[in-house]
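*Asks:* sharing a sequence plus its predicted fold:
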Amino acid sequence: GNGFGWGQLSHTFAWVFGVTGLTPATVFAAAVHSESTGADIHDALTLTCTNGAVIAVCGAGTAPDAGFKVVANWVFGTRGM
């Protein structure tokens, strides 16, 4: 239970589901794992929700530490962003 998904993407999903009220129905996920630790370091997911909405999420835990993080969450709907 270590890696980018558990440590960082969980926050993104909490935000997405909290803001949108969507409920996931199906999930497709792919990950790249560290050879030395086994932790996931790159993740990509596509979720289909119970109302037909689709969520696409990707992330990487290998960006150089420059003292800040880059996070962007976008929600598009019938009225735009």
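*Replies:* Perfect, I can see it now.
*Asks:* with V32 as the reference, measure out to G38.
*Replies:* Distance, G38 to V32, using CB to CB, to the nearest Å: 11 Å. Yep, even glycine has a C-beta here, placed from its N, CA and C like the rest.
*Asks:* which of these two has more neighbours?
*Replies:* V32 (14 against 9; other CB atoms under 10 Å).
*Asks:* hmm, who's touching the lengthiest helix in the chain?
*Replies:* The longest helix of the chain (DSSP state H) is helix 10-20. By CB atoms under 8 Å, 6 or more residues apart in numbering, the residues outside helix 10-20 that reach it are 22-24, 53, 55, 57, 59, 71, 73, 75.
*Asks:* over to stretch 71-81?
*Replies:* 12, 15-16, 19-20.
*Asks:* quick one: secondary structure of T37?
*Replies:* coil (DSSP: H, G, I helix; E, B strand; the rest coil).
*Asks:* what's the distance between it and T20?
*Replies:* 33 Å.
*Asks:* quick one: buried residues of the longest helix of the chain?
*Replies:* 12, 16 (16 or more other CB atoms under 10 Å).
*Asks:* returning to what we had before: tell me which two in the contacts of helix 10-20 are the farthest apart.
*Replies:* For the contacts of helix 10-20, the farthest-apart pair by CB to CB is T23 and V71; their separation is 23.0 Å.
*Asks:* which elements pack onto the lowest-mean-pLDDT helix or strand in the chain?
*Replies:* Across the helices and strands of the chain, mean confidence by mean pLDDT, DSSP states H and E is lowest for helix 4: a mean of 84. Counting contacts by 3 or more CB pairs under 8 Å, 6 or more residues apart in numbering; DSSP states H and E, helix 4 is packed against strand 40-49.
*Asks:* what's the angle between the strand it packs on and helix 10-20?
*Replies:* Angle, strand 40-49 to helix 10-20, by axes from the mean of the first three to the mean of the last three CA atoms, to 10 degrees: 20 degrees.
*Asks:* pLDDT weak spots in the protein?
*Replies:* For the chain, the stretches with pLDDT under 70 are 1, 81.
*Asks:* same thing but 90
*Replies:* For the chain, applying pLDDT under 90 flags the ranges 1-11, 37-39, 59-81.
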